[in-house]
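Colleague: this one's sequence-less:
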């Protein structure tokens, strides 16, 4: 069974999707630890409700970024996969080297478009007709690591940042747990920037590859 650690900063809706998948048995993984850098994150309440182990690690309690990340790495040393689910900090190469090829992130755009913060607003301001979300491996760039899976949604003329965000989020809740399951099944293959999923059913809109379970 794949052991997963999750880093969060906010409300934790993607964390909830992972918890639901673990409880249903579809995830093929256990959530061994959730770490938040925000003591008021609603994600922590989700952990309490579902008896998921959690820790709060505050950056201000450490003299340096390196010491802060060393504590994160220490807590996560027993996990097989680290999932960033709304974690609002950029991790250093030092941390990433401890979990090489085993840190993934969910981002609300079709990378490489609209990296960084406010991706949905940027999409609307640019006038794109399609947007979506991406699960990618985390590297030293900001939302620029190798893509594992993307989901595509239309951008409607009447969309607001909130309506577009909600539409994208509904697919985030599908492709993030699907990716974790792929890792659990040992189907992820990484060659440089190219990531393939053995046996995945690749299709057309709205999800590509099409989620098989979630």
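Modeller: That came in fine, so what should we check first? The shown structure was predicted, so the numbers you read here are calculated from the model rather than taken from an experiment.
Colleague: Where do the helices of this structure begin and end?
Modeller: Secondary structure of the chain, counting by DSSP state H: helices at 13-24, 42-50, 65-75, 93-98, 119-126, 161-184.
Colleague: Adding mean pLDDT, mean neighbour count and distance to residue 144, write those out as TSV.
Modeller: Where C-beta positions appear, they are placed from N, C-alpha and C, glycine not excepted. Shown next, in TSV, are the helices of the chain (pLDDT from 0 to 100; neighbours: other C-beta atoms under 10 Å; distance: least, C-beta to C-beta, whole Å):
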stretch	mean pLDDT	mean neighbour count	distance to residue 144
helix 13-24	98	20	20
helix 42-50	98	17	25
helix 65-75	97	16	19
helix 93-98	94	15	13
helix 119-126	97	18	13
helix 161-184	97	20	17
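Colleague: Quick one: the ones you listed as TSV, columns for distance to residue 148 too.
Modeller: TSV is the format used below for those (distance: least, C-beta to C-beta, whole Å):
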stretch	distance to residue 148
helix 13-24	15
helix 42-50	22
helix 65-75	22
helix 93-98	16
helix 119-126	17
helix 161-184	5
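Colleague: And those: which comes nearest residue 59?
Modeller: Ranking those by proximity to residue 59 (C-beta to C-beta) places helix 65-75 first, at 5.1 Å.
Colleague: Quick check: residue 58 touching residue 36?
Modeller: No. Look at residue 58 against residue 36 with C-beta atoms under 8 Å: they stay out of range, at 9.2 Å.
Colleague: who's more crowded, those two?
Modeller: Taking neighbours as other C-beta atoms under 10 Å, residue 58 and residue 36 compare with residue 36 leading, 25 against 12.
Colleague: which residues sit in contact with that one?
Modeller: With contact set as C-beta atoms under 8 Å, 6 or more residues apart in numbering, residue 36 has these partners: 7, 8, 9, 43, 44, 54, 55, 56, 57.
Colleague: now do residue 114
Modeller: Applying C-beta under 8 Å, 6+ apart to residue 114 gives the contacts 122, 123, 126, 131.
Colleague: For residue 102, state which of those residues is nearest.
Modeller: residue 131 (27.7 Å).
Colleague: count of neighbours near the closest one?
Modeller: As a burial measure, residue 131 scores 26 neighbours (other C-beta under 10 Å).
Colleague: Repeat that for residue 154.
Modeller: Neighbours of residue 154 (other C-beta under 10 Å): 14.
Colleague: Touching, it and residue 128? I think so.
Modeller: No. Using C-beta under 8 Å, residue 154 makes no contact with residue 128, being 9.8 Å away.
Colleague: give the contact list for residue 85.
Modeller: 6, 7, 8, 12, 14, 15, 18, 43, 106, 176.
Colleague: please redo it, this time with the cut-off set to 7 Å
Modeller: Going by C-beta atoms under 7 Å, 6 or more residues apart in numbering, residue 85 touches 6, 8, 12, 14, 15, 18, 106, 176.
Colleague: how about the residues you listed in TSV, adding distance to residue 145?
Modeller: TSV is the format used below for the contacts of residue 85 (distance: C-beta to C-beta, whole Å):
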residue	distance to residue 145
6	17
8	19
12	22
14	17
15	20
18	19
106	12
176	15
